[in-house]
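Participant: got a predicted structure plus its sequence, pasted below:
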Amino acid sequence: MIREDRELLAELARVNTDVVPLAMRVMDDSATAEEQQQMAGRLTDLGQRLRERAGRAARVIEGRVVAEAAHVARGAVPNPES
């Protein structure tokens with residue numbers, strides 16, 4: 001896992017932790033507009049980063065499987081006669 005992925009996952013965990021108390025304050029009408037706007041910005045930024053990451057991953061894994069996973073994992077070349 002690359003550093004950028006770890007940072008993205010860490011931010012996702014922080015947002016996940018922070019959103020619950022904010023949601024409770026929104027429901028009891030005690031959250032300020034500034035708090036809500038700040039969280040909206042964090043969620044938007046995180047969503048964009050996740051979308052960009054997903055796009056990069058898709059380019060890496062596109063293609064077709066040319067050997068069974070068991071052969072690839074062992075580094076062996078599949079026998080075409082088997």
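Facilitator: Everything's here; your move.
Participant: tell me if I'm right that V19 and Q38 touch.
Facilitator: No - using CB atoms under 8 Å, V19 makes no contact with Q38, being 11.4 Å away. Where you see a C-beta, it was placed from the backbone N, CA and C, and this is true even at glycine.
Participant: and A23, helix, strand or coil?
Facilitator: Following DSSP: H, G, I helix; E, B strand; the rest coil, A23 is assigned to helix.
Participant: any idea how far E35 is from it?
Facilitator: 11 Å (CB to CB, to the nearest Å).
Participant: more neighbours: which of the two?
Facilitator: Remark: of A23 and E35, E35 carries more neighbours, 15 against 11, as counted by other CB atoms under 10 Å.
Participant: what helices or strands is the longest helix along the chain leaning on?
Facilitator: The single longest helix within the chain, with elements called by DSSP state H, is helix 33-61. Applying 3 or more CB pairs under 8 Å, 6 or more residues apart in numbering; DSSP states H and E, one finds that helix 33-61 makes contact with helix 3-27.
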